[in-house]
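Participant: got a predicted structure plus its sequence, pasted below:
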Amino acid sequence: MWRRPGLRWVDLVVVVALVALLYGLLRLAPSLNAPFLPGTAPKAVSTDPSNLPFYAARSLLRMFLALLASVLFTFVYATAAARLRRAEKVLLPVLDILQSVPVLGFLSVTVTAFISLFRGSELGLECASIFAIFTAMAWNMTFAFYASLVSQPRELDEAARVMRLTKWQRFWQLDVPSGVIPLVWNGMMSFGGAWFFLAASESISVLNHQYALPGMGSYAAAAIAQGDLGKVGYAIAVMVVLVIAVNAFFWRPVTAWAERFRVEEAGAAEHPRSFVLDFLRRSEVPRMMGRPLKPLWPALDRLMRPFGLAEHAIGGSPVRERTGDVFFAGVVSAVVVYGAWKAFGYVNSTVGLGAFGHALALGAATFGRVIVLLVVATVVWVPIGVWIGMNPRVTRFAQPVVQVLASFPANFLFPFATAAFVALGISLNFGAVLLMALGAQWYILFNVIAGASAIPSDLREAMTTFRVSGWLRWRDFILPAVFPSYVTGGITAAGGAWNASIVAEVVDYGQHHLTATGLGAYITEATATGNFPRILVGIFSMSLYVVAANRLFWRRLYRLAETRYAL
């Protein structure tokens, strides 16, 4: 009983895996800081298949660094939007705008800045690529975590106040645990969606410059430009292996671990399992690594105590609050008006204000494609998502399949789609809807699965006990329960569809160049030629469509989900 257990074979395997991971990071580190000169930088990477393992490792490193940055951004931004009344009125519209800005829009601004910041080093281009991948992940995760914060059960909120938790304690003991399940599922979806923009993030074409970073996206872009379907097939095979490996060794364990934070009175009949998580739980290595960090948490609790308790001030002066609201609104309005005046003045002096009318007309065509995509995706994926989420046994087998489908970068399949469109005579004006759906429809499916799987087991048992079935069960139980998750999925799917239009409305393969009429094609062409005024006009027009749709439609559904359908 008192004998100290020796090192077991499970611990040896975990130690070897950690050493291998550390060794891989150390081998990749020097290549991140390689010499770099914009004038002589390669415009394409080698398509020799022997380089694929190295390219895969570089792409994975960028993806996980972007995921880490997205989680940190989500914690800070979503918490501020949910807890600060005045800040919410600014942060949510800004988040709508950020979600609507395409990846190419961020790259057109950040590439030059990062290259200048890390002059002479490839690290600047790496940071620009990671930031672009970050913009493809962060907004969906932020919306999901914000939705979980504003829809917390009232009794848990009251318990946090009664227990006099500090803001720091409430965040880690209530806010994060209650939002883990939707955050994990949306993180999984965001990670998969970021693969879609990997080619644009690694093979960068902005401001009349072409840069290429070693990675799977740039390899696929080079193979597509050469029209070599065999090498495109190699890229597809490696991507399938990567997606399955990431799902098995990362997302599956994280999903199974997140089940410990499910809030329900009756235990579920079956929980997701992961052999990797079971393996780690049998090992002493994680606990040994965590022991030195245990004294850190009490110290952080004491350090964060001056920020106050997790409760609103009682008995504040209404006059003072009203005065503060008016002053805050005045400052924000002044900043917005000044920024709009400067932007419109710049556009007027370069391409003229008439460019806005042309861009808005093109945006109407893209907006029509987005509506068709959302309607079809809702009709198809809501029933399937509910079926998967409410059946743990189905989830065990369906999640890896859905993860592979959602995570696979659909633009790798664009050459085959282009060949089919050309052979069948299908215009890209119609085919772009399919290409956009390949990158955006999964947001609805994943959020509905997350919402259905988060339904407490006691409610399911109550519906079964009272023999509620058929349409009545869907109308009064299932649809209201998954409605908040669907709204989150819908708003992010809409934003993802607008972003996907950048690569779906302009498709190249060998000698074939297909272009659809739409705002995505407008921004892509302006970015490639370095026409910054038109880039600004296109981004403004796309942001206007997205923000207007969110304000007039999606936000009203959000409020309805918060006030009527929160569990």
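Facilitator: Done, it's in. Numbering: from 1, shown residues only.

Participant: all contacts plus neighbour counts: C-alpha atoms, from now on.
Facilitator: Noted.

Participant: what are the ranges of the helices in the stretch 101-250 of the chain?
Facilitator: 103-117, 123-150, 154-162, 167-170, 176-196, 198-202, 216-226, 229-246 (DSSP state H, counting those that start in this stretch).

Participant: closest to T378 out of these?
Facilitator: helix 176-196 (16.5 Å; Cα to Cα).

Participant: which residues are in contact with that closest one?
Facilitator: Residues outside helix 176-196 that contact it (Cα atoms under 8 Å, 6 or more residues apart in numbering) are 63, 67, 133-134, 136-138, 140-141, 144-145, 148-149, 152, 251, 254-255, 258-259, 261-263, 403, 406-411, 439-440, 442-443, 446-447, 450-451, 454.

Participant: at 6 Å instead, please
Facilitator: The contact list for helix 176-196 (Cα atoms under 6 Å, 6 or more residues apart in numbering) reads I133, A136, M137, M141, F145, S148, A258, F261, A406, S407, P409.

Participant: next, the angle helix 229-246 makes with it.
Facilitator: Computed by axes from the mean of the first three to the mean of the last three Cα atoms, to 10 degrees, the angle separating helix 176-196 from helix 229-246 equals 170 degrees.

Participant: give me the mean pLDDT for helix 176-196.
Facilitator: Mean pLDDT, computed over helix 176-196, is 83.

Participant: switch to numbering from 592
Facilitator: Sure thing, new numbering starts at 592, so read that last one as helix 767-787.

Participant: gap between R984 and W978?
Facilitator: 11 Å (Cα to Cα, to the nearest Å).

Participant: re earlier: export the helices of the stretch 692-841 of the chain to CSV and tack on distance to L609 and mean neighbour count?
Facilitator: What follows is the helices of the stretch 692-841 of the chain, written out as CSV (distance: least, Cα to Cα, whole Å; neighbours: other Cα atoms under 10 Å):
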stretch, distance to L609, mean neighbour count
helix 694-708, 32, 19
helix 714-741, 24, 25
helix 745-753, 38, 13
helix 758-761, 31, 20
helix 767-787, 23, 25
helix 789-793, 27, 26
helix 807-817, 24, 24
helix 820-837, 16, 17
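
Participant: among those, which comes closest to H949?
Facilitator: The nearest among the helices of the stretch 692-841 of the chain, by Cα to Cα, is helix 694-708 at 18.5 Å.

Participant: just checking, what packs against that closest one?
Facilitator: With contacts taken as 3 or more Cα pairs under 6 Å, 6 or more residues apart in numbering; DSSP states H and E, helix 694-708 sits against helix 714-741.

Participant: what is the helix it packs on packed up against?
Facilitator: helix 643-674, helix 694-708, helix 767-787.

Participant: picking up where we left off before, more neighbours, R984 and W978?
Facilitator: Higher neighbour count among R984 and W978: W978, with 17 against 14, using other Cα atoms under 10 Å.

Participant: let me see the contact set for the more buried one.
Facilitator: Here W978 is in contact with no residue (Cα under 6 Å, 6+ apart).

Participant: as a markdown table, the helices and strands packed on helix 714-741 with distance to A1084 would be great.
Facilitator: Formatted as a markdown table, the helices and strands packed on helix 714-741 follow (distance: least, Cα to Cα, whole Å):
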| stretch | distance to A1084 |
| --- | --- |
| helix 643-674 | 18 |
| helix 694-708 | 15 |
| helix 767-787 | 10 |
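
Participant: closest to Q817 out of the ones you listed?
Facilitator: Taking those one by one with Cα to Cα, helix 643-674 is closest: 16.9 Å.

Participant: other residues contacting the following helix or strand past the closest one?
Facilitator: Sequence order places helix 676-691 as the next helix or strand after helix 643-674, per DSSP states H and E. Contact with helix 676-691 is made by A672, W730, G1086, S1134, V1137, V1138, as judged by Cα under 6 Å, 6+ apart.

Participant: returning to what we had before: mean pLDDT lowest where, among the helices of the stretch 692-841 of the chain?
Facilitator: helix 694-708 has the lowest average pLDDT among those, namely a mean of 74.

Participant: many thanks, have a good one.
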